[in-house]
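# structure for the following, please:
(one chain, ligands or ions: 1)
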Amino acid sequence: MRETSLSPDDFIYPLFVTFGKNIRKEIKSMPGCYQESVDKIAKHAKEVYSLGIPAVLLFGIPEHKDEIGSSAYDPHGVVQKAIRAIKDKVPGLYVITDVCMCEYTSHGHCGIIQKGDVKNDPTLELLAKEAVSHAKAGVDMVAPSDMMDGRVGAIRFALDKEGFYEIPIMSYAAKYASSFYGPFREAAESTPQFGDRRSYQMDPANRREALKEVAFDIEEGADIVMVKPAMTYLDIISDVRDAFDVPVAAYNVSGEYSLVKAAAKLGWIDENRVMMEILTCIKRAGADLILTYFAKDAAKILNEPPRRRDGGVSKK
Ligand code: PBG
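A predicted model of the protein is given here:
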């Protein structure tokens, strides 16, 4: 009689690909998550796929960062290589890439800097170039996370121009300037070197503005819209679900993951039950898809007979 049930099919698992060889380095603030070199990532992707998780989201940590994030659209960049490696070894796994500048710029901002400010329009060109280079490497879907205005339209136009009509866009549509991204910035080595992201990401205090942001993205061609973070933004997920008829994704972000991992390590909470409750509630709020670092742990529980979807201990 349960209204909401989870399945590994609901999840998208984020992966961090780094340069070099034979590297699998655990991210300190995100236990169980790794920075991995291309040679390691395909194997990991295979494990993800074997758990019934249909998709991964790739983030890149390049060897060289510069002012204009040129590694982002390098045909031999880490993400481009990882796409090819995963598609080669695990063809059934759906590969999505995060399209943004912050992992590739020396200053760590999501766009290019002129006179001390992030400049919206010149950044669009670079994002479009990045998306096309991922498409050329064989990606299945692109996910722009930069929050520049007009980037979905710019990316759609560029993909179509190159003949990639069939590649959909999942936009980080209602993305807040959240302090829950802290651990991710360690993982992706993308902490802004000055200032913050409040000039392009949303104010956590704003609810109605989310609908405006989502409407723009859909009008520009977004196929799936995302709300981010998830746990403290369930009202936004619910509003977006009610107002629009496109699939809604929610990003259960790094800080949300780390809080649970840390409290569990201290023995203060039951990790599995808390994890399953969080994921169930994100889905109950209206998310069709959940991007989560818990994907593998949750899938293991969901795949285990007898099925105990609340993460509780199964009794014989
Ligand atoms: C890149 C990006 C960020 C996240 C996803 N894409 C960081 C940020 O905007 O600072 C955060 C993901 C997480 O915290 O798990 N712009």
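# so is the longest helix along the chain next to the ligand?
Longest among the helix segments of the chain by residue count, using DSSP state H, is helix 120-137. No: residues of helix 120-137 are not located near the ligand by CB under 6 Å from any ligand atom, the shortest gap being 11.0 Å. Yep, even glycine has a C-beta here, placed from its N, CA and C like the rest.
# what about the next helix or strand after that helix, average pLDDT?
Using DSSP states H and E, the helix or strand that follows helix 120-137 in sequence is strand 141-144. Taken as a whole, strand 141-144 has an average pLDDT of 98.
# give me the contact list for strand 141-144.
By CB atoms under 8 Å, 6 or more residues apart in numbering, the surrounding residues in contact with strand 141-144 are 57, 94-100, 127, 131, 134-135, 151-152, 155, 159, 167-172, 223-224, 226.
# name the residues of the stretch 201-316 of the chain found near the ligand, please.
Residues of the stretch 201-316 of the chain lying near the ligand (CB under 6 Å from any ligand atom): 253-254.
# quick one, strands of the stretch 201-316 of the chain?
Listed from the start of the chain, the stretch 201-316 of the chain has strands (DSSP state E, counting those that start in this stretch) covering 224-228, 248-252, 289-292.
# how about the CA coordinates for the shortest one, as CSV?
Only the C-alpha atoms of strand 289-292 are listed here, as CSV (Å, rounded to 0.1, in the frame of the first residue of the first chain):
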residue,chain,number,x,y,z
LEU,A,289,15.3,11.0,-10.9
ILE,A,290,17.8,11.3,-8.0
LEU,A,291,21.4,12.2,-8.5
THR,A,292,23.0,10.7,-5.4
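# relative to residue 89, how far out is the closest residue to the ligand within the stretch 101-250 of the chain?
Proximity of the stretch 101-250 of the chain to the ligand (CB to the nearest ligand atom) peaks at residue 184, 3.1 Å away. Counting by CB to CB, to the nearest Å, the gap between residue 184 and residue 89 amounts to 26 Å.
# what about the helices in the stretch 151-300 of the chain?
Under the criterion DSSP state H, counting those that start in this stretch, the stretch 151-300 of the chain carries helices at the ranges 151-161, 182-187, 208-220, 234-243, 254-265, 271-285, 295-303.
# pick out the shakiest of these, pLDDT-wise.
helix 182-187 (a mean of 89).
# what is the orientation angle of the longest helix of the chain with helix 151-161?
Angle of helix 120-137 versus helix 151-161, following axes from the mean of the first three to the mean of the last three CA atoms, to 10 degrees, is 40 degrees.
# need the contact partners of helix 120-137.
Residues lying outside helix 120-137 but in contact with it, judged by CB under 8 Å, 6+ apart, are 68-69, 72-75, 77, 79-81, 83-84, 97, 99-101, 110-112, 114, 142, 144, 146, 148-151, 154-155, 157-159, 162, 164, 167, 200.
# just the buried residues of that helix, please?
In terms of neighbour count (16 or more other CB atoms under 10 Å), helix 120-137 has its buried residues at 120, 123-124, 126-135, 137.
# could you dump the residues you listed to JSON lines with pLDDT?
Listed next are the buried residues of helix 120-137 as JSON lines, based on pLDDT from 0 to 100:
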{"residue": "120", "pLDDT": "93"}
{"residue": "123", "pLDDT": "95"}
{"residue": "124", "pLDDT": "95"}
{"residue": "126", "pLDDT": "95"}
{"residue": "127", "pLDDT": "96"}
{"residue": "128", "pLDDT": "97"}
{"residue": "129", "pLDDT": "97"}
{"residue": "130", "pLDDT": "97"}
{"residue": "131", "pLDDT": "98"}
{"residue": "132", "pLDDT": "98"}
{"residue": "133", "pLDDT": "98"}
{"residue": "134", "pLDDT": "98"}
{"residue": "135", "pLDDT": "98"}
{"residue": "137", "pLDDT": "98"}
